[in-house]
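In: dropping a prediction and its sequence here:
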Amino acid sequence: REVRVGVYANEPKILLGQDGQLSGILGEVLGEIARQENWRLIPVPCDWQACLELTQNGSIDLLPDVAFSAERALHLDFHRQPSLYSWSQLYSREGAKLKSILDLEDRRIAVLAGSIQQDYLQTLLDSFGLHAQLIPVHSLAEGFELVANQQADTAVANQRFGDYQAPGYQLRGTPIMFQPAQLFYATRKGANADLLAGIDRHLREWQDSPSSYYYQTLQRWGGERPRLLVPSEAWWGLAVLAGLLLTALAGAVVLRRQVDEKTRHLKASEQHLNTILDSVEAYIYIKDPELRYQYANRKVCELFGLPLAQVVGQTDERFFDAATAANLHDNDRRVLLLGERVETEEVNRSPDGSLEQTYLSVKLPLRHPDGRIYALCGISTDISEHKKNLEQIHRLAFYDLLTGLPNRRLLLDRLQHALAQHGRNQLDGALLFIDLDNFKDLNDTLGHDMGDRLLQQVAQRLGSHVREEDTLARLGGDEFVLMLEGLHPQHPEAIAQIETVASKLIQVLAEPYALQGRNHTSTASIGIALFSEARGTVDELLKRADLAMYEAKAAGRNTLRFFNPQMQAEVSARANLENDLRQSLAERQFVLHYQPQVDAQGQLLGAEALVRWQHPSRGLVAPGEFIPLAESTGLILPLGRWILHSACQQLVAWAADAEREQLTLAVNVSARQFHHRDFVDDVFAVLDETGANPQRLELELTESHLVQDVETMIVKMGLLKARGVRFALDDFGTGYSSLSYLKRLPLNQLKIDRSFVRDLLSDPNDAAIVRTIVALGGSLDLQVIAEGVETRAQRDSLLRLGCQRFQGYLFGKPEAAQRLEQWSLPAGA
Ligand SMILES: Nc1nc2c(ncn2[C@@H]2O[C@@H]3COP(=O)(O)O[C@H]4[C@@H](O)[C@H](n5cnc6c(=O)[nH]c(N)nc65)O[C@@H]4COP(=O)(O)O[C@H]3[C@H]2O)c(=O)[nH]1
């Protein structure tokens, strides 16, 4: 049987001998098998790649020295008993420093093209993440040639070829070995099973016997001892071990690469982190357990004015004053020793105390994996500006801008709190309502600027005379409030305490103020209410103190008044009356009564119109009870107009009667009414509306009218007088009438007040006053009339003193108009 055998140069395993026959270990072993099997071997020289192809297409029957691989088994058949054991090894020049697979990075490696080593080596390099240049060669000799010529750094060869040929190229085997392999004779898939069986039979037989042809051949080509003396399991164990070693090596390298990779990542992350930490507007730092800075971001370094390297290792004593450093350390220790997360406000002062900043700091412990704390990380935000804004908002919301005192809102808040407190302890408290007297006048005459300065000085004086724990507030305008707390639980003692304080305040507020370089005097009235009496509500307390203050004003100002329940009753009564008054004005519940005025003969000269209120439930109410209220509420204006209108209508009625057309009618005009800017026009309008004769109308003014703006009063009276209207000065002698004014007022008549008439007979002073008034009237060319004449004796006495005109119960009480009309003229007295 002819057997074509592929031959390529792979000494000592296979080569073509000089005789043209197969040579080398596998060549000679096959030669002996062929001899015994009667095969005629025909060598087919080829290079490795070509040999493989020729075997696969059946042009070659047997190809020696083929390592088994699953891929090759797709196209080739192998016998079972390995013909040779081998491994791949790298060969290099002397001094090439190739000790492990890792040294192959960037090396040029010659490897047999299409060989099993090529794939294996590539996979190996990839798994180690190594980059090397594989140079494919067509024969192992070519590979060695390249290395010898320095065109490659190393070449892969099977160990048999390598060890055998390397010295010839002055190459040496490196410790880098891989891919232990079993070598076979291969044939085309599905062909030559007989050849394979024959080979197996001989190999099995020979390999069991150390003296066999097989081992003799091996020794001839390399002096190798019989390999199969080493059990095949051990061989495989070695292979597995080598594999494990490689895997471990590969693992180590992979790990090293991972570490490198991680390190690179970490470095990149650290850079990112630093960029972020340095660009945030917060102060970020790390301190070690000795409270030394270990890290500080850009903001911290800027704050300290030092580069990071100089910040690291320092403690807060270097950057802040002692108190600040102590406080920071307290907070830090809570984090480091107790493991707390501390969130707190820190006020940090520079070492010389010149700079103070407030920070909101969050401090966290940094822990080892086992939980031990090794540092703290702090993040502080500068909230100084925010705090300032908050304070400003608070000041605007709760303090009076002009005086800097607490405002109404803050007072109410504290009052609420104080009242609640009062409910719990026995100590009393008090609210003092302080109101400047005549502040409006100062404001009107000197201007608001001066008014403001006065208020500021008042606030200062009050402030310097109250205790720290008392609340002094400005409610607005000229109203101040002082809240006293912690007073004696016993009523009399508490009252005494309050009186002392209030009297002192009245005294200091009455001292002169320097305004515009001039001394100005101002006084204050103080109303006081006690916590213990106010039934615990803020409103009630304020109302009571306010009422008491009005009482102090009514009592002549520059004084103090405690609230008493009577005030409350009066206020309620006043409030009711005011309501009624408004309603009755709308419902026309008023009437005029007329009281006659007579001459010395008792002849009717005229009458005084006196208003009465016909109250639906209270009956006829006298003017003394409602006129003052009407004045203070302004209701006197509509009421006064109605009175004037009714009086003029009465005049018109009399004018139609020849007997009464001469009668005059006196009408009371209140100060508020007279001083109203429309008064003159109103009177003219009423005269025009009614058609009354102005010369029969006599307006009665009182001396109290003269307190206010006399010049305007004179002008107004002049305008009315020019129209013919008469004027009488009522209640004469009771008030203050300057003679110089009296001379300038266009008056027609003086009315002697009834208080002088009453005691005329018993009090010689009154008689003297009456005589003086009569004389004054004479010299100023004014008529004089006495009012309140009740007895003949009074009338006679007045007559003797020179008074010629009378009004009083002796002649008639104020009554409805009809009664007056029944007066028989002339009347006998
Ligand atoms: N004891 C006593 N009293 C006598 C006698 N003769 C008159 N009278 C009272 O003396 C008051 C005289 O009025 P007046 O001094 O102007 O004082 C008036 C006046 O100031 C005011 N008034 C009365 N009517 C009006 C009015 O229409 N307008 C204004 N603005 N005030 C008025 O009310 C005050 C009181 O008025 P009346 O109660 O009506 O009180 C009247 C009158 O009734 C007498 O012989 N003995």
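Out: Sure, I can see it. None of these values were measured; they are calculated from a predicted model.

In: use CA for all of it now, contacts and neighbours both
Out: Noted.

In: now L431, nearest residue through space, not along the chain?
Out: M483 (4.7 Å; Cα to Cα, 6 or more residues apart in numbering).

In: how much space separates that neighbour from Q589?
Out: According to Cα to Cα, to the nearest Å, M483 and Q589 sit 46 Å apart.

In: these two: which is more packed in?
Out: Set M483 next to Q589 and count neighbours by other Cα atoms under 10 Å: M483 wins out with 23 against 15.

In: for the stretch 201-350 of the chain, which segments are assigned as strands?
Out: Shown for the stretch 201-350 of the chain, the strands assigned by DSSP state E, counting those that start in this stretch span residues 283-287, 293-296, 342-349.

In: for the record, mean pLDDT for the second one?
Out: Going back to what we said before, that points to strand 293-296. Mean pLDDT, computed over strand 293-296, is 95.

In: strand partners of that strand, parallel vs antiparallel please.
Out: Using DSSP bridges, strand 293-296 pairs in its sheet with strand 283-287 (antiparallel).

In: likewise for the longest one?
Out: Each strand paired with strand 342-349, and its direction, by DSSP bridges: strand 356-367 (antiparallel).

In: now tell me what touches the partner strand from outside.
Out: 332, 335-336, 339-350, 373-384, 387 (Cα atoms under 8 Å, 6 or more residues apart in numbering).

In: tell me the domain boundaries of this structure?
Out: 2-229, 280-387, 401-563, 587-821 (automatic domain parsing).

In: using TSV, please lay out the strands of the stretch 201-350 of the chain together with mean neighbour count and distance to the ligand.
Out: Output for the strands of the stretch 201-350 of the chain, formatted as TSV (neighbours: other Cα atoms under 10 Å; distance: least, Cα to the nearest ligand atom, whole Å):
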stretch	mean neighbour count	distance to the ligand
strand 283-287	23	79
strand 293-296	21	86
strand 342-349	17	69
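
In: could you dump these into JSON lines and include distance to D321?
Out: Shown next, in JSON lines, are the strands of the stretch 201-350 of the chain (distance: least, Cα to Cα, whole Å):
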{"stretch": "strand 283-287", "distance to D321": "18"}
{"stretch": "strand 293-296", "distance to D321": "17"}
{"stretch": "strand 342-349", "distance to D321": "6"}
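
In: specify the beta-bridge partners of the residue nearest to L431.
Out: Bridge pairing for M483 - DSSP bridges - gives L431, T471.

In: list the contacts of it.
Out: L415, G429, A430, L431, L432, D470, T471, L472.

In: go again with 7 Å.
Out: Residues near M483 by Cα atoms under 7 Å, 6 or more residues apart in numbering: A430, L431, L432, D470, T471, L472.

In: mind checking how far stretch 552-569 is from the chain centre?
Out: A distance of 47 Å separates the centroid of the chain from that of stretch 552-569, by Cα atoms, centre = their mean, to the nearest Å.

In: list the neighbours of it that are in contact with it.
Out: For stretch 552-569, using Cα under 7 Å, 6+ apart, the contacting residues are 437, 506, 523-529, 544-545, 547-549, 551.

In: what does stretch 25-35 give?
Out: 12-14, 22, 40-41, 64, 199, 202, 214, 217-218, 221.

In: relative to the ligand, which of those is nearest.
Out: Closest approach between the contacts of stretch 25-35 and the ligand, by Cα to the nearest ligand atom: P64, at 149.2 Å.

In: if I look at the residue of the stretch 51-200 of the chain found nearest the ligand, how far off is V7?
Out: Residue nearest to the ligand within the stretch 51-200 of the chain (Cα to the nearest ligand atom): G129, separated by 117.3 Å. From G129 across to V7, the span is 37 Å (Cα to Cα).

In: with neighbour numbers in mind, choose between the two.
Out: Neighbours per residue, other Cα under 10 Å: of G129 and V7, the larger number sits with V7, 26 against 15.

In: how about that one, what does it touch?
Out: Counting by Cα under 7 Å, 6+ apart, V7 has contacts I14, L15, L16, P43, V44, P45, C46.

In: who's it bridged to?
Out: Note on V7: beta-bridge partners P45, judged by DSSP bridges.

In: low-confidence ranges in the stretch 151-300 of the chain?
Out: By pLDDT under 70, the low-scoring segments of the stretch 151-300 of the chain are 222-250.

In: again, only this time at 80
Out: The stretch 151-300 of the chain contains residues with pLDDT under 80 at 179-181, 222-254, 256.

In: for PyMOL, write the selection for the buried entries among the contacts of M483.
Out: Per 16 or more other Cα atoms under 10 Å, the buried members of those correspond to this PyMOL selection:
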select buried, resi 430+431+432+471+472
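
In: JSON lines for the contacts of M483, including distance to A655?
Out: Below are the contacts of M483 laid out as JSON lines (distance: Cα to Cα, whole Å):
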{"residue": "A430", "distance to A655": "64"}
{"residue": "L431", "distance to A655": "62"}
{"residue": "L432", "distance to A655": "60"}
{"residue": "D470", "distance to A655": "70"}
{"residue": "T471", "distance to A655": "68"}
{"residue": "L472", "distance to A655": "66"}
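
In: where's the dip in pLDDT among the contacts of M483?
Out: Among these, D470 has the weakest pLDDT, 92.

In: go ahead and confirm it touches L484.
Out: Yes: assessed by Cα atoms under 7 Å, D470 is found in contact with L484 at 5.2 Å.

In: spell out which residues of the chain are next to the ligand.
Out: 609-611, 622-624, 643, 668-670, 788-790, 808-809, 814 (Cα under 6 Å from any ligand atom).

In: most surrounded residue in those residues?
Out: Compared across those, A609 has the highest neighbour count, 25 neighbours, by other Cα under 10 Å.

In: sorry, back to before: now distance to Q258 too, for the domains of the chain, in TSV please.
Out: Converted to TSV, the domains of the chain look like this (distance: least, Cα to Cα, whole Å):
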stretch	distance to Q258
domain 2-229	11
domain 280-387	22
domain 401-563	67
domain 587-821	96
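
In: ok, of the ones you listed, where does mean pLDDT dip lowest?
Out: When the domains of the chain are compared on mean pLDDT, domain 2-229 scores lowest, with a mean of 88.

In: could you identify the helix or strand that succeeds the helix or strand hosting K440?
Out: Using DSSP states H and E, K440 falls within helix 439-446. Using DSSP H and E, the helix or strand that follows helix 439-446 in sequence is helix 448-464.

In: could you give the separation of that following helix from the chain centroid?
Out: 35 Å.

In: which of the residues of the chain next to the ligand fall within helices?
Out: Here DSSP state H is the test, and the residues of the chain next to the ligand give P623, G624, I643 as lying in helices.
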